[in-house]
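Participant: have a look at this prediction, sequence included:
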Amino acid sequence: MLNKNVLVYGLGKSGIGAGKLVENHGGNLRFYDSNNGLIREKIQEEFQKEVLIYLGEFPREIIGELDMAILSPGVPTDLPEILEMKEKGVEIIGEIELAYRCGQGKILAITGTNGKTTTTTLLGEIVERYTKNFFVVGNIGNPYTLVADQTTKDSIIVAEISSFQLETIDRFRPQVSAILNITPDHLNRHHTMEAYVDAKVSITKNQDGQEFCVLNKEDPYTQEIEKRIPAKKVYFSSKRVLDQGMYLKDKKIICKMDEDIKVLCNTADLHILGDHNMENVMAASLIAIAAGIPFDIIKESVLSFKGVAHRIEYIKEVKGVKYYNDSKGTNPDAAIKGIQAMERRTVLIGGGYDKDSSYTEWIESFDGKVKMLILIGDTKEKIAQTAKKAGFLDYTLVDTFEEAVLLASEIANPGEAVLLSPACASWGMFPNYEVRGDKFKEIVNSIS
């Protein structure tokens, strides 16, 4: 199929995956990466045949030999060597396009500025209840290229697709697409908001009127682009009742298709919190409905979903107290979303490595929800001073992480919550936010 001279540009996880797929499909393979420090022998170990590997400065002399170049997502499409390849007729695609051409099955593809990972993870859990012949791939960390050869015509592929990946699609055609929202992001790569929006819309470009696109009714950009989308449009809203689609009303998520009205769930029964997560639930559910998955399976999956690790992740309930891990709240803006999502009075654990952040807005966002702020790490004195200036005096300083979690469990009463949402990086106490979140879960799970 790929009996061509193919260059894989970029030697990360997705580049290796693309290379293996090219090799499996008979391509004459070579690699390029600007990182001189990579070890050729280690790369060669991944492949059965000997491959050409170029490192450091790009070897322009090979451009005339190439039929196709496959770009890893991190490679900008406007680099001089990429533009020269295009001029000389080299076909430029990305690893998503390559996997699509080599794979089979029904594709459910999700893009958007925020919420992609949560929506993709939930949709993956819904699909898993429906069939064992499924794959969750893409920007979520599992390259599509690594599983494309395992897919069959009956497979369902749930794909999280970034704007970088969408820049290099050509024939890629999902049966159901979703654009969750669009806000300014990655403008250093796309240069203009118009180009960024165009990249997002391109997820729908090969769809037709028999296929579906799920859209956020409340997002200004998705409202602007809907006329450009050839697929059937299905909407969700967290702010209004819709004639058709899925919406939030009286703390219920309601689905209306034609004249059929069903309640998906009460929001109080969900383990995930916040309007942004209600939108993610609605999007994943609508994609599943459009893919023909029974409503009962969707409902079961939504009610059991615990969210994405370290993002306002529900851990468990002990003696009427719910515990949430938001270790990924490594800056004040992210931590504000964490506290805004809480629906119970909350004992909050904060503090960590000092990134010279200002904590005033975070403290001001507590809005009467925080019963006690327990502070740890390098920033604990700085945050305490900020809290004092803001008139918030319900804080205490402790020396260790374990002390903070155990104290929080003593302070919280039935009907309240304990939230780890530090507003700071983990360095100094932990190597990364994942290790910090895992330690929190370990301590919480030891509380009886």
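Facilitator: Yes, it's here. The shown structure was predicted, so the numbers you read here are calculated from the model rather than taken from an experiment.

Participant: alpha carbons only for contacts and neighbour counts from here, please
Facilitator: Fine.

Participant: low pLDDT regions in the chain?
Facilitator: 1 (pLDDT under 70).

Participant: what's the burial count for L406?
Facilitator: 14 (other CA atoms under 10 Å).

Participant: OK, contacts around the residue nearest to E91 when sequence neighbours are not counted?
Facilitator: Leaving aside its chain neighbours, E91 sits nearest to M68 (4.5 Å; criterion: CA to CA, 6 or more residues apart in numbering). By CA atoms under 8 Å, 6 or more residues apart in numbering, the contact set of M68 is K4, N5, V6, L7, V90, E91, I92, I93.

Participant: K200 too?
Facilitator: T111, G112, S162, S163, L166, I179.

Participant: is it part of a helix or strand, or is it coil?
Facilitator: helix (DSSP: H, G, I helix; E, B strand; the rest coil).

Participant: separation between it and E91?
Facilitator: 21 Å (CA to CA, to the nearest Å).

Participant: out of the contacts of M68, which is most surrounded?
Facilitator: L7 (28 neighbours).

Participant: that residue touches E65, doesn't it?
Facilitator: No: contact status for L7 versus E65: not in contact, 9.7 Å apart, counting by CA atoms under 8 Å.

Participant: measure stretch 284-295 end to end?
Facilitator: 12 Å.

Participant: now do the buried residues in it.
Facilitator: Neighbour counts over stretch 284-295 (16 or more other CA atoms under 10 Å) mark A284, S285, L286, I287, A288, A290, A291, I293, F295 as buried.

Participant: pull the distance from it to the chain's centre.
Facilitator: 19 Å (CA atoms, centre = their mean, to the nearest Å).

Participant: so how far is L419 from the residue nearest in space to the middle of the chain?
Facilitator: Against the mean C-alpha coordinate of the chain, by CA atoms, centre = their mean, the closest residue is T117 at 2.3 Å. Distance from T117 to L419, counting by CA to CA: 21 Å.

Participant: over to V176?
Facilitator: 36 Å.

Participant: now S327
Facilitator: Remark: distance between S327 and L419 (CA to CA) = 9 Å.

Participant: for those two, indicate the residue with more neighbours.
Facilitator: Taking neighbours as other CA under 10 Å, S327 and L419 compare with S327 leading, 32 against 27.

Participant: report how many residues lie close to C265.
Facilitator: 18.

Participant: got the contact list for stretch 337-348?
Facilitator: 273-275, 312, 326, 329, 365-366, 369-374, 408, 411-412, 415-421.

Participant: mind checking which of those are buried?
Facilitator: Going by neighbour count (16+ other CA under 10 Å), these have 273-275, 312, 326, 329, 365-366, 369-374, 408, 412, 416-421 buried.

Participant: those residues in strands, which ones?
Facilitator: Of the buried ones among the contacts of stretch 337-348, the ones assigned to strands by DSSP state E are V370, K371, M372, L373, I374, A417, V418, L419, L420.

Participant: after the helix or strand hosting K256 comes which helix or strand?
Facilitator: Using DSSP states H and E, K256 sits in strand 252-257. Using DSSP H and E, the helix or strand that follows strand 252-257 in sequence is strand 260-266.

Participant: put the alpha carbons of stretch 369-380 into PDB.
Facilitator: Output of stretch 369-380 as PDB, limited to C-alpha atoms (Å, rounded to 0.1, in the frame of the first residue of the first chain):
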ATOM      1  CA  LYS A 369     -17.400  27.500  50.200                       C
ATOM      2  CA  VAL A 370     -14.100  26.900  51.900                       C
ATOM      3  CA  LYS A 371     -14.500  25.800  55.600                       C
ATOM      4  CA  MET A 372     -10.700  25.600  56.100                       C
ATOM      5  CA  LEU A 373      -7.600  26.100  53.900                       C
ATOM      6  CA  ILE A 374      -4.800  23.800  54.900                       C
ATOM      7  CA  LEU A 375      -1.400  25.100  53.600                       C
ATOM      8  CA  ILE A 376       1.700  23.100  52.800                       C
ATOM      9  CA  GLY A 377       5.000  23.600  50.900                       C
ATOM     10  CA  ASP A 378       7.200  26.600  50.000                       C
ATOM     11  CA  THR A 379       4.200  28.900  49.400                       C
ATOM     12  CA  LYS A 380       2.300  28.300  52.600                       C
END
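
Participant: quick revisit: does the residue nearest to the centre of the chain sit in a helix, a strand or a coil?
Facilitator: Per three-state DSSP, T117 ends up helix.

Participant: for it, which non-adjacent residue is spatially closest?
Facilitator: Here the residue nearest T117, using CA to CA, 6+ apart, is I140, at 6.1 Å.
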